[in-house]
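*Asks:* Please work out how this folds:
(chains A and B, ligands or ions: 2)
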Amino acid sequence: MLELDGVLLASVQTELTDATVVALQEDLLDRAAATGADGVVIDVSAVEIIDSYLARVLTEITLAVRMLAARTVVAGMRPAVAVTLVEMGLDLPEVETARSSAHALEMLARR
Amino acid sequence: MGGAPGAPTVLPIRSDGDLIRVRRAAREAAVRAGMSLAEQTRMITASSELARNALVHGGGGRVEISDVTRPGRRGVRMVFLDEGPGIPDVARALTDGFSTGTGLGLGLGGARRLVEEFRVDSRPGRGTTVTIVSWSRSPT
Ligand SMILES: Nc1ncnc2c1ncn2[C@@H]1O[C@H](COP(=O)(O)OP(=O)(O)O)[C@@H](O)[C@H]1O
Ligand SMILES: [Mg+2]
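*Replies:* Ligands and ions are numbered 1, 2, ... in the order given. I've put the predicted structure just below:
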């Protein structure tokens, strides 16, 4: 996990166990609180599938980070993953997205 | 649900790590069937939902993966089996948002929307079997 100008940047690995997902969630929230970051970027460009479990955790991170007065952007979702999520009925209404981590950092800087 | 040449690959679903191995095997089978990236992603996502259900709700089980063919088409069949409590009301379990756990309740219904053939056989107290088949759009 990187920290750049008040933004935490976390990259999600390709193959995730549920335990790794929970650890990432805890880590991110601890770091967001400890550093007083005003943004969190979660780069999912390496992630080959997002199922309802990971989708729920991404939503939970977004909502918890919001309660810490910061903003979360999920970056780099693959097109096939996006289509599959929509087909499943998982459109992640709470989650802000960006095409890449670079775009996400721009979005957070611009606000 | 399609003729299967050869014996299926059988994988246990007993732990978190097994879910990764099921997804990996689903990807390999999808690639063998000549599926596009979008088709692979649907199949792997459905397999992830059903394997997690077997683990979390069914107390663990196994999956049988077979390459299937029909004239001009190749596909993948996955059968998820557990000997857990079963699903008393399958129609209700398929309803979006219905969960007896802490999940989003979109796994079963979502998986059904991602594959071409979908069947749930469940008897309370005897376990659950979910069978899915996806066909590749590209001809053999
Ligand atoms: N293999 C299974 N054994 C027993 N119950 C199951 C199984 N799969 C699904 N269910 C039941 O169907 C419900 C809906 O499943 P699903 O849509 O995947 O939602 P979730 O897993 O988020 O609860 C589950 O909450 C559970 O009650
Ligand atoms: Mg589920």
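
*Asks:* Remind me which helix or strand the residue lying closest to residue B:97 once chain neighbours are set aside belongs to.
*Replies:* Using CB to CB, 6 or more residues apart in numbering or on different chains and skipping residues adjacent in sequence, the residue nearest residue B:97 is residue B:105, 4.5 Å away. No exception for glycine: its C-beta is placed from N, CA and C like everyone else's. No secondary structure element spans residue B:105, as it lies outside all helices and strands (assigned by DSSP states H and E).

*Asks:* Looking at chain B, which residue is nearest chain A?
*Replies:* residue B:110 (3.4 Å; CB to the nearest CB).

*Asks:* Tell me how far the nearest residue to that residue once chain neighbours are set aside lies from residue B:88.
*Replies:* With sequence-adjacent residues excluded and distances taken as CB to CB, 6+ apart, residue B:110 is closest to residue A:88, at 3.4 Å. When distances are taken as CB to CB, to the nearest Å, residue A:88 and residue B:88 turn out to be 24 Å apart.

*Asks:* residues contacting the spatially most central residue of chain A?
*Replies:* Relative to the mean C-alpha position of chain A, the nearest C-alpha, by CA atoms, centre = their mean, is the one of residue A:42, at 3.2 Å. If you count contacts by CB atoms under 8 Å, 6 or more residues apart in numbering or on different chains, residue A:42 has them with A:10, A:12, A:28, A:58, A:61, A:72-75.

*Asks:* how about the residue in chain A positioned nearest to chain B, what does it touch?
*Replies:* Shortest chain A-to-chain B distance, computed as CB to the nearest CB: residue-wise this is residue A:88, at 3.4 Å. Contacts of residue A:88 were listed using CB under 8 Å, 6+ apart, and they are A:52, B:45, B:106, B:110-111, B:113-114.

*Asks:* how would you label the residue nearest to the spatial centre of chain B: helix, strand or coil?
*Replies:* Per CA atoms, centre = their mean, the C-alpha nearest to the average position across chain B is that of residue B:47, at 4.2 Å. Residue B:47 falls in the helix class when you classify it by DSSP: H, G, I helix; E, B strand; the rest coil.
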